[in-house]
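Chemist: Give me the fold of what follows.
(one chain, ligands or ions: 1)
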Amino acid sequence: MSQKMQQYIDEAEQALLHTYNRYQVVFEKGDGVYLYDVDGRRYLDFVAGIAVFALGYHNEEYNDALKVQIDKIIHTSNYYYNVPAVEAAKRLKAVSGMDRVFFTNSGAEAVEGAIKTARKYAYLKDGRTDHEIIAMHHSFHGRTMGALSVTGNPHYREAFEPMIGNIRFADLNDFDSVAKQVTDKTCAIIFETVQGEGGIYPATEDFMKKVRALCDERDILMILDEIQCGMGRTGEMFAWQRMGVRPDVMTVAKALGCGVPVGAFLMTEKVGANSLKAGDHGTTYGGNPLACAAACKVLELYDKLDLLEHVKKIGGYLQDCLDSVAAEFDCIETRRGVGLMQGLVFDRPVGDIITRAMDKGLVLINAGTNIIRFVPPLVIDRQNVDDMTAILRESIREVCGGR
Ligand SMILES: *Cc1c(COP(=O)(O)O)cnc(C)c1O
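Modeler: Model prediction:
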């Protein structure tokens, strides 16, 4: 590492609140599926800013759209209409089959909005203020108090108790555990269609269908968090779309703006008409022209690049490659995932493997202590997967031994 890079890192540690144990690298720019650090060193990126930069870095059409919007107007207010927000909302409705959109600045805020929607929906039905939400163990929904309250990781919650209250936890893919938590106060069941941070656990079609039927029967809102697994990562625009069920409320963020902070929560017409009303919810920045110009161009480029078809093919290839790596090493327990959202589960912490990969010019990230997560830009090709696999093998061999 150059002195210059070391100095940036030292200065960062003097100024930024230490809420992350950061990797010892300062990234400066990106191009396609590669990142460059301040020393000009190139890295193959299989993280994409944690499932964010789907289009790859430095996509000219995307960059130009942002520049054009910056020169027009960056921000107005939600008290006025703006063209990019209309366009983005129309596109988002079209690809999701949902009916109403509220733009947020982040994933956590989208989850907050979804929770408020569910509480208001139930409140309008019976006037009670003691409604319950069922969430899943090992889930991750964000770091704000509401989102944290439905996050099934006690370690993230403990110091910040009390949570918002009336949250019950069940196990993903164990329908009976969900049914057991249902009471006459239940207003929503929330889960990620594919759990991300919690270890890349896809919900099964059977589970999804049973939850859907339960929610229909009792007029409970089914909220799907598609913040990580949505936006094409599984080969469908949204992961639930391959399961033949539609949620009542859905959250999206991460890849929606491809780096410009924008999220959204969406709902059906029925929920929209019977929940949040004028004055019930708001945001200063959410859905501003710059954020929505980004979302708009992202959705347009998904179409133009036929990204979903690409992900289906390249996701299958990544899966095959990871399966063969898993078969080679005793220290790997299994592979899990869908499309370009994959995890390799190890019998030990993976930090050392990730650091070694970084030294060899490959950016990887964990999900939990023992899992390496693969969430690359959606535009990766076979050569990128082969290059990644070669470095991965070498890094695993150095840590675990073996062939
Ligand atoms: C990242 C993530 C969030 C939180 O999004 P932020 O933009 O970090 O607030 C919520 N849910 C899921 C599934 C996520 O992966």
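
Chemist: what's the burial count for Gln243?
Modeler: Actually, residue 243 is Met. It isn't Gln. For Met243, the count of nearby residues is 20 (other CB atoms under 10 Å). To be clear about C-beta, it is placed using only N, CA and C from the backbone, and glycine gets the same treatment.

Chemist: hang on, isn't it packed against Lys209?
Modeler: Yes. Between Met243 and Lys209 there is a contact under CB atoms under 8 Å: 7.1 Å.

Chemist: ok but Ala264 is inside a strand, no?
Modeler: Yes. Counting by DSSP: H, G, I helix; E, B strand; the rest coil, Ala264 falls inside a strand.

Chemist: That one reaches Thr104, doesn't it?
Modeler: Yes. Using CB under 8 Å, Ala264 is in contact with Thr104, at 6.1 Å.

Chemist: Pull up the overlap in contacts between those two.
Modeler: Residues touching both Ala264 and Thr104 (CB atoms under 8 Å, 6 or more residues apart in numbering) are Ala110, Ala253.

Chemist: Which one of the residues in this protein is closest to the ligand?
Modeler: The ligand sits closest to Gly107 of the chain, with a gap of 2.1 Å, by CB to the nearest ligand atom.

Chemist: Could I get the phi/psi values of that residue?
Modeler: Here is the backbone geometry of Gly107 (degrees, to the nearest 10): phi -70, psi -50.

Chemist: State the number of residues packed around the nearest residue to it once chain neighbours are set aside.
Modeler: Nearest residue to Gly107, sequence neighbours excluded (CB to CB, 6 or more residues apart in numbering): Ala253, at 3.5 Å. A count of nearby residues for Ala253, using other CB under 10 Å, gives 28.

Chemist: need the contact list for Ala253.
Modeler: Contacts for Ala253 were tallied using CB under 8 Å, 6+ apart; they are Thr104, Ser106, Gly107, Ala110, Ile227, Val262, Gly263, Ala264.

Chemist: Averaged pLDDT, the helix or strand hosting the fourth one. What do you get?
Modeler: By that I understand Ala110. Assigned by DSSP states H and E, Ala110 belongs to helix 107-126. Here helix 107-126 scores 98 as its mean pLDDT.

Chemist: Please list the outside residues in contact with that helix.
Modeler: Outside helix 107-126, the residues that reach it (CB under 8 Å, 6+ apart) are 102, 104, 128-129, 131, 133, 141-144, 146-147, 150, 164, 187-188, 190, 219, 221, 223, 225, 227, 249-254, 263-265, 267, 271, 274-276, 280-281, 283, 286.

Chemist: what does the stretch 1-150 of the chain have sitting close to the ligand?
Modeler: Contact residues, the stretch 1-150 of the chain versus the ligand (CB under 6 Å from any ligand atom): Ser106, Gly107, Ala108, Val111, Phe140, His141, Gly142.

Chemist: farthest pair in those residues?
Modeler: Greatest spatial distance in those: Ser106 and Phe140, 13.4 Å, computed using CB to CB.

Chemist: So the two - more neighbours on which side?
Modeler: Remark: of Ser106 and Phe140, Phe140 carries more neighbours, 26 against 20, as counted by other CB under 10 Å.

Chemist: what residue lies at the spatial centre of the protein?
Modeler: The centre of the chain sits closest to Gln228, judged by CA atoms, centre = their mean, with a distance of 1.6 Å.

Chemist: Can you check what pLDDT the model gives the closest residue to that residue other than its chain neighbours?
Modeler: Distances taken as CB to CB, 6+ apart put Gly196 closest to Gln228, at 3.7 Å, once the chain neighbours are dropped. We have a pLDDT of 97 for Gly196.

Chemist: Now do the helix or strand following the helix holding Ala110 against helix 107-126: the angle between them, please.
Modeler: Remark: after helix 107-126, the chain's next helix or strand is strand 132-136, criterion DSSP H and E. Going by axes from the mean of the first three to the mean of the last three CA atoms, to 10 degrees, strand 132-136 is angled at 140 degrees with respect to helix 107-126.

Chemist: Next, the buried residues of the following helix or strand past strand 132-136.
Modeler: Downstream of strand 132-136, the next assigned helix or strand under DSSP H and E is helix 145-149. Buried residues in helix 145-149, defined by neighbour count with 16 or more other CB atoms under 10 Å: Gly146, Ala147, Leu148, Ser149.
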